[in-house]
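Engineer: prediction below, plus the sequence it came from.
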Amino acid sequence: MISVGFIGIGNMGGPMVQNLLKAGHAVTVFDVNEAAYAPLLDAGAVAATTALDAAAGVDVVISMLPNDKIVGELYLGEAGLIAKLQSRPILIDCSTVSAEIVRKVFQAAEERGFPFLDAPVSGGVMGARAGTLSFMVGGEKAVVEDASIVLQAMGKRVFHAGESGAGQIAKMCNNMLAAVLMAGTAEALALGSRNGVDAAALTEIINHSTGCNFMSEKWNPWPGVLPDVPSSHGYQGGFQVALMTKDLGLAVSNAQLHGAAIPLGSLVRNLLMLYQSQDAQAAKLDLSSIQRFFAPWLKAD
Ligand code: NAD
């Protein structure tokens, strides 16, 4: 049994804690919103009143938080974990944030003798519930090995991407590509439909031709083409447009910082911004709902 302090019990953190408990680990939880972790107490989690209390004396600390500022404050703030913790647990940040902030945390952690990993996830809320997340991990290999029992309790795959920050870079590149593929697939299906070609027939042809991709095959954006995907259920569930917009924002900032050109990633971020400015519902819908931007006539269906 490993003792874990878990900070940030939201849509992802909640089910991740459930899976840690199921695997027999002892979990102390903290969230600024008490209501977020109340249901976990019945499942055996222990509540802490501060992040520092949740982290004190445990083997592993995991954070699952919204953004750079909050992650920076948790680890690097004057009253943060690195300044105040007496013990030296493995620190693992699973949030989707910039490579720059996790590298800063890594450096400060290393100076004070803490092992630190960036370990963002893919698989979304469904993957968190099912315990099938993929972890993309940046940091020292030996630390990744030490942390793998805990990560495997919450996910199916643990990839060591490279040194500190590499997990965030891998996640950022994958999500940018996923967004570009989704926009391209939606554009092609809309053009076909505009010309009277049935979207299911067009998908079948694409899936056996050079345009075949994950979105056309497994996350098809046209309603009714696949049965068990968000597009066939009013674009509910799946991966929210707002979250993909955040991830593309990280890619744009990173590209600016490193003088890299990401014309397609930037374009798709702008498309998502425009889509959300035109449709108040869009932010909370699945990414595949970008189909409605390319085929606005679908809205009436
Ligand atoms: P969420 O908003 O549901 O949860 C975040 C939690 O953090 C909230 O409960 C909030 O109260 C808590 N929090 C905020 N500030 C805090 C602080 N200072 N101390 C302690 N708790 C604090 O978000 P989520 O969907 O669980 O996402 C968490 C992270 O995972 C994000 O970085 C997101 O980009 C990433 N992610 C989300 C998904 C997804 O499908 N939801 C998929 C992959 C990655």
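Structural biologist: Thanks, I have the structure now. Nothing here was measured: the structure is a model prediction, and the numbers come from that model. Numbering: from 1, shown residues only.
Engineer: residues touching D31, list them.
Structural biologist: Neighbour list for D31: 7-10, 13, 37 [criterion: C-beta atoms under 8 Å, 6 or more residues apart in numbering]. Glycine gets a C-beta too; all of them are placed from N, C-alpha and C.
Engineer: closest one to the ligand out of the residues you listed, please.
Structural biologist: G10 (1.7 Å; C-beta to the nearest ligand atom).
Engineer: residues near the closest residue in space to that closest one that isn't next to it in sequence, how many?
Structural biologist: Among residues not flanking G10 along the chain, A36 sits closest, at 6.3 Å (C-beta to C-beta, 6 or more residues apart in numbering). Neighbours of A36 under the rule other C-beta atoms under 10 Å: 17.
Engineer: state the distance from A36 to the ligand.
Structural biologist: Distance, A36 to the ligand, using C-beta to the nearest ligand atom, to the nearest Å: 4 Å.
Engineer: and that residue, what element?
Structural biologist: Per DSSP states H and E, A36 falls inside helix 34-42.
Engineer: for that helix, buried residues please.
Structural biologist: Using 16 or more other C-beta atoms under 10 Å as the test for burial, helix 34-42 gives 36-37, 40.
Engineer: equivalent analysis for stretch 39-53, please.
Structural biologist: Buried residues in stretch 39-53, counting neighbours by 16+ other C-beta under 10 Å, are found at 40, 45, 47-48, 51-52.
Engineer: so who does the residue in the stretch 101-250 of the chain that the ligand sits nearest to touch?
Structural biologist: Minimum separation of the stretch 101-250 of the chain from the ligand (C-beta to the nearest ligand atom) falls at G124, amounting to 3.7 Å. Contact analysis of G124 by C-beta under 8 Å, 6+ apart lists 12, 238-239.
Engineer: interface residues of the stretch 151-300 of the chain facing the ligand?
Structural biologist: 239, 243, 246 (C-beta under 6 Å from any ligand atom).
Engineer: recalculate using a threshold of 5 Å.
Structural biologist: Residues of the stretch 151-300 of the chain lying near the ligand by C-beta under 5 Å from any ligand atom: none.
Engineer: quick check: which element contains I101?
Structural biologist: Using DSSP H and E, I101 maps to helix 99-111.
Engineer: neighbours of E110, how many?
Structural biologist: Residues near E110, counting by other C-beta under 10 Å, number 15.
Engineer: the nearest residue to it once chain neighbours are set aside pairs with what?
Structural biologist: Nearest residue to E110 in three dimensions, chain neighbours excluded: F116, at 7.2 Å (C-beta to C-beta, 6+ apart). For F116, the beta-bridge partners are L91 (DSSP bridges).
Engineer: list the buried residues for the lengthiest helix in the chain?
Structural biologist: Secondary structure of the chain per DSSP state H: the longest helix is helix 166-194. Within helix 166-194, the residues scored as buried using 16+ other C-beta under 10 Å are 166-173, 175-176, 178-190, 192-193.
Engineer: right, and A51 touches I7 too?
Structural biologist: Yes: taking contacts as C-beta atoms under 8 Å, A51 lies within contact range of I7: 4.9 Å.
Engineer: tell me, what's touching these two both at once?
Structural biologist: Common neighbours of A51 and I7 (C-beta under 8 Å, 6+ apart) are 30, 74.
Engineer: and the helix or strand bottoming out on mean pLDDT in the chain, how far out from the chain's middle?
Structural biologist: Lowest on mean pLDDT, DSSP states H and E among the helices and strands of the chain sits helix 124-130, with a mean of 91. With C-alpha atoms, centre = their mean, to the nearest Å as the basis, helix 124-130 stands 10 Å off its chain's centre.
Engineer: that helix: what's the following helix or strand?
Structural biologist: By DSSP H and E, the next helix or strand past helix 124-130 is strand 133-138.
Engineer: show me what contacts S87?
Structural biologist: Contact analysis of S87 by C-beta under 8 Å, 6+ apart lists 56-58.
Engineer: filter those residues down to the buried ones.
Structural biologist: Buried, going by 16+ other C-beta under 10 Å: 56, 58, out of the contacts of S87.
Engineer: so of the contacts of S87, which ones are in helices?
Structural biologist: Judged by DSSP H, the contacts of S87 include no members of helices.
Engineer: so which of the contacts of S87 reach the ligand?
Structural biologist: Of these, not one also sits near the ligand (C-beta under 5 Å from any ligand atom).
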